[in-house]
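A.B. asks: Let me see the structure of the following:
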Amino acid sequence: MIKLFRKIRQKLLSENKFSKYLLYAVGEIVLVVIGILIALQINNWNEGKKEAESQQKLFANLKIDFENRLSELEEFHASKRQAITNISRINAIISSSHKEFDEDEVGALLAYQLNNFSFNEDFKLLEGVFNTGLINDIKNETLKRKLIEWPQLVEEMLEEQRIFQNDNLTKYGPLLEKYISNRRLYEHFDFRNYALPKGGQITLKENYEGLLKDPLLENLLATKEVHLRISVIDLGNLTNEAKEIIRLLELTHD
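C.D. replies: Here you go, the predicted model:
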């Protein structure tokens, strides 16, 4: 470029037309610069378009993920409310002055409490958004904030889930095993059609009356009810947040 300029300058000086050719040279340089700037702008536009399309795909996938989780949350919310109702019914049977009760009904009510309500903790897509820094590219500040707060809300619910799992494994389950056949219980356990086929042979001598009279049962059910009621509140909050995140993702995606 310098050599070219010197050559032009010498030519202009020799022809005494320096001003005219200097203006021409500057014009050429300006055109080259403008061309470079336009090329850079087009490249930036293409990159921005690709980035926007990638973000739209991310939002679409996040929406599907949250819709699936919302369905699970609503199922657990309804199931835990049913579990609370069932505990009230068991307590009514325990406190009843009548000696007779329906063993099938009691078995079904007790079996329902074996549900750990195991919510899927795996949020790989959302974790990827955090780990890759894509969360910072989300322009909707409300959506960004809610996505950041989501893991903590889930963790609060999972605390109750872990308590349920531990109590069922170490306290509630072992108590029932002393009086009732596990086979019988799991024949009654109808959550998501997980129940065993009915009619299997049972040789264990069952004692429903002894179980209902055991004070430990009433205490364990009281503990379960407390955690269920806390969990129902957490699930309600989590469900509302999931709905709002889905709504914001829909707006962003559109």
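A.B. asks: ok, now which ones touch residue 113?
C.D. replies: Counting by Cβ atoms under 8 Å, 6 or more residues apart in numbering, residue 113 makes contact with 83, 86-87, 168, 172, 221, 224. C-beta here means a position set from N, CA and C on the backbone, and glycine is covered the same way.
A.B. asks: which ones among those are found in helices?
C.D. replies: Residues of the contacts of residue 113 located in helices (DSSP state H): 83, 86-87, 221, 224.
A.B. asks: which one of those residues sits closest to residue 135?
C.D. replies: Using Cβ to Cβ, residue 83 comes nearest to residue 135 of those, at 35.9 Å.
A.B. asks: Using a markdown table, lay out the ones in helices among the contacts of residue 113 together with neighbour count.
C.D. replies: Listed next are these as a markdown table, based on neighbours: other Cβ atoms under 10 Å:
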| residue | neighbour count |
| --- | --- |
| 83 | 22 |
| 86 | 20 |
| 87 | 20 |
| 221 | 21 |
| 224 | 21 |
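A.B. asks: what about the strands in this structure?
C.D. replies: Applying DSSP state E to the chain gives no strands.
A.B. asks: didn't residue 216 look like it was pressed against residue 175?
C.D. replies: Yes: counting by Cβ atoms under 8 Å, residue 175 is a contact partner of residue 216 at 5.8 Å.
A.B. asks: Compare neighbour counts for those two and give me the winner.
C.D. replies: Neighbours per residue (other Cβ atoms under 10 Å) separate residue 216 from residue 175, with residue 175 holding more: 16 against 12.
A.B. asks: That one: what's it in contact with?
C.D. replies: 211, 214, 216-217, 220.
A.B. asks: Surely residue 228 and residue 79 touch.
C.D. replies: No: between residue 228 and residue 79 there is no contact under Cβ under 8 Å: 9.8 Å.
A.B. asks: Now do the contacts for residue 143.
C.D. replies: With contacts defined as Cβ under 8 Å, 6+ apart, residue 143 is in contact with 245, 248-249, 252.
A.B. asks: 6 Å instead?
C.D. replies: Each residue near residue 143 by Cβ atoms under 6 Å, 6 or more residues apart in numbering is listed here: residue 248.
A.B. asks: And residue 124, how far from residue 62?
C.D. replies: Look at residue 124 and residue 62: by Cβ to Cβ, to the nearest Å, they are 11 Å apart.
A.B. asks: In terms of neighbours, single out the busier of the two.
C.D. replies: Between residue 124 and residue 62, counted using other Cβ under 10 Å, the more crowded position is residue 62 (21 against 9).
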